[in-house]
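K.L.:
Make a model of this:
(one chain, ligands or ions: 2)
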Amino acid sequence: MRIGIIGAGSWGTAVGIILGKKGYEVVMWDRNKEIIPQINVSKENLTYLPGVLIPSNVTAVEKIEDCVAGAEFIILAIPSQAVRIVCKQLVNYVKEEQILVSLAKGIEIGTLKRISEVVEEFFPTNPIAVLSGPSHAEEVSRDIPTTIAVSSKSKEIAEYIQDVFITPKFRIYTNPDIVGVELGGAVKNVIALAAGVSDGLGYGDNTKAALMTRGIAEIARLGVALGAEPLTFAGLSGIGDLIVTCTSMHSRNRRAGILIGQGKTMEEAVAEVKMVVEGINTTKSTYELAKKMNVEMPIVTALYNVLFNNKDAKVAVSELMLRDKTHEIEEVAQKMW
Ligand SMILES: NC(=O)c1ccc[n+]([C@@H]2O[C@H](COP(=O)([O-])OP(=O)(O)OC[C@H]3O[C@@H](n4cnc5c(N)ncnc54)[C@H](O)[C@@H]3O)[C@@H](O)[C@H]2O)c1
Ligand SMILES: O=P(O)(O)OC[C@H](O)CO
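P.N.:
Numbering: from 1, shown residues only. Ligands and ions are numbered 1, 2, ... in the order given. A predicted model of the protein is given here:
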């Protein structure tokens, strides 16, 4: 089987390595042409994933149409805000039966769409799926045991992808709740940025645990308002991904947050991290989406003000602590009192 991967950054390359090791013919494409010979000749992605050998059956091409030609799966491993641009480039080359798999974690600025909704705009009759869960490329590419979720409107497609992607070190669970799976993966990046800011300010484990726990409550509130199942947020693409992103030094979002907490500007932090920091754009889109849906998201709002309105991060934390006192879980309070 031939699989095309659009985007040879850290995640696209890690997934390419997994699929290559399973024996599939993997063809990658990236707009950054310096990566092509790294994959074809050096067999190491020095720009994004140094130190990991790329199997011989994973190759890269210069033209996007050569990447997708004859591929059963087309994997989109690019930043969320690039998905629309890439879909426009792909629209004349993708055939109706080709399965599109989005790996991007974000919410599109402006339209406030989930990324699979953006893909669906261009390919309304193709099977579409998303993969999300706690999975840093640096670990997955080194065969460190990892578990993630696949979601699709079609059970058959989700189970097929589970079969194709699963390995003894990369375990895939299916979940039909595509809204919940995508929102969890997208908005955890915002909370991870906030957790990084907290670390950068010198606050402790208690503060981070508070941000994570109240953060997942916010994510679930937004998700449920958009039609997601609450239990999905207790799963891999919810709390699972939130844990890994808020605690790992592999996390670009957390690292950017630490730099901001230490006093760097958002632009300086993003430049230092080098790879995509999805949480910045997703803070903006989540803030807008929460307003549109009339959902209260205090941590997202605080971070939005720090990033885009020059609010001092310490003041933002104080304001969060001084909000009106409330029940921990409104539904539980109403049921039991
Ligand atoms: N890195 C991880 O561990 C990881 C894990 C799971 C999910 N993800 C998600 O996968 C997506 C990609 O992340 P990544 O870590 O590979 O990012 P990255 O920064 O490592 O690489 C991004 C790649 O996309 C390409 N790209 C950027 N803008 C583009 C455009 N406009 N058109 C075409 N190509 C473009 C870049 O050239 C680069 O190769 C993100 O949504 C991220 O949240 C990443
Ligand atoms: O490095 P981050 O913060 O973009 O996180 C990458 C993945 O989403 C972790 O699952």
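K.L.:
switch to C-alpha atoms for all contacts and neighbour counts from now on
P.N.:
OK.
K.L.:
Please work out how many residues are found near Gln334.
P.N.:
As a burial measure, Gln334 scores 9 neighbours (other Cα atoms under 10 Å).
K.L.:
Distance check, Gly4 against Lys314.
P.N.:
According to Cα to Cα, to the nearest Å, Gly4 and Lys314 sit 45 Å apart.
K.L.:
quick one, which of those two is more surrounded?
P.N.:
Gly4 (28 against 15).
K.L.:
Contacts only, for the more buried one.
P.N.:
Counting by Cα atoms under 8 Å, 6 or more residues apart in numbering, Gly4 makes contact with Val26, Val27, Met28, Trp29, Cys67, Val68, Ala71, Glu72, Phe73, Ile74, Ile75.
K.L.:
Which of those residues ranks first by neighbour count?
P.N.:
Neighbour-wise, the contacts of Gly4 (other Cα under 10 Å) top out at Met28, 30 neighbours.
K.L.:
Show the subsequent helix or strand relative to the helix or strand containing it.
P.N.:
Met28 belongs to strand 25-29 when assigned by DSSP states H and E. Note on strand 25-29: by DSSP H and E, the next helix or strand toward the C-terminus is helix 35-37.
K.L.:
Taking this structure, what residue is nearest to ligand 2?
P.N.:
Nearest to ligand 2, among the residues of the chain, is Ser251, at 3.3 Å (Cα to the nearest ligand atom).
K.L.:
give me the number of residues near the nearest residue to that residue once chain neighbours are set aside?
P.N.:
Leaving aside its chain neighbours, Ser251 sits nearest to Thr245 (5.4 Å; criterion: Cα to Cα, 6 or more residues apart in numbering). By other Cα under 10 Å, 28 other residues sit near Thr245.
K.L.:
what's the answer for Val244, then?
P.N.:
For Val244, the tally of surrounding residues (other Cα under 10 Å) stands at 19.
K.L.:
Please report the distance of Val140 from Gly223.
P.N.:
Relative to Gly223, Val140 is positioned 27 Å away (Cα to Cα).
K.L.:
Please say which of these two ends up with more neighbours.
P.N.:
Ranked by neighbour count (other Cα under 10 Å), Val140 and Gly223 place Gly223 first, with 24 against 20.
K.L.:
Surely the more buried one is in contact with Gly180?
P.N.:
Yes. Proximity of Gly223 to Gly180 meets the contact threshold set by Cα atoms under 8 Å, at 5.9 Å.
K.L.:
joint contacts of those two?
P.N.:
Shared contacts of Gly223 and Gly180, defined by Cα under 8 Å, 6+ apart, are found at Glu229, Pro230.
K.L.:
For the strand ranked longest in the chain, C-alpha coordinates in PDB please.
P.N.:
In the chain, with assignment by DSSP state E, the single longest strand is strand 146-152. Output of strand 146-152 as PDB, limited to C-alpha atoms (Å, rounded to 0.1, in the frame of the first residue of the first chain):
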ATOM      1  CA  THR A 146       2.400   5.500  22.800                       C
ATOM      2  CA  THR A 147      -1.500   5.400  22.600                       C
ATOM      3  CA  ILE A 148      -3.700   7.700  20.500                       C
ATOM      4  CA  ALA A 149      -7.300   7.900  19.200                       C
ATOM      5  CA  VAL A 150      -8.600   7.800  15.700                       C
ATOM      6  CA  SER A 151     -12.000   9.300  14.900                       C
ATOM      7  CA  SER A 152     -14.200   9.400  11.800                       C
END
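K.L.:
so what strands line up beside it?
P.N.:
Applying DSSP bridges, strand 146-152 is found paired with strand 128-132 (antiparallel), strand 170-174 (parallel).
K.L.:
which secondary structure elements does whichever helix or strand comes after the first one contact?
P.N.:
I take that to be strand 128-132. Using DSSP H and E, the helix or strand that follows strand 128-132 in sequence is helix 137-140. Under the contact criterion of 3 or more Cα pairs under 8 Å, 6 or more residues apart in numbering; DSSP states H and E, helix 137-140 touches helix 10-21.
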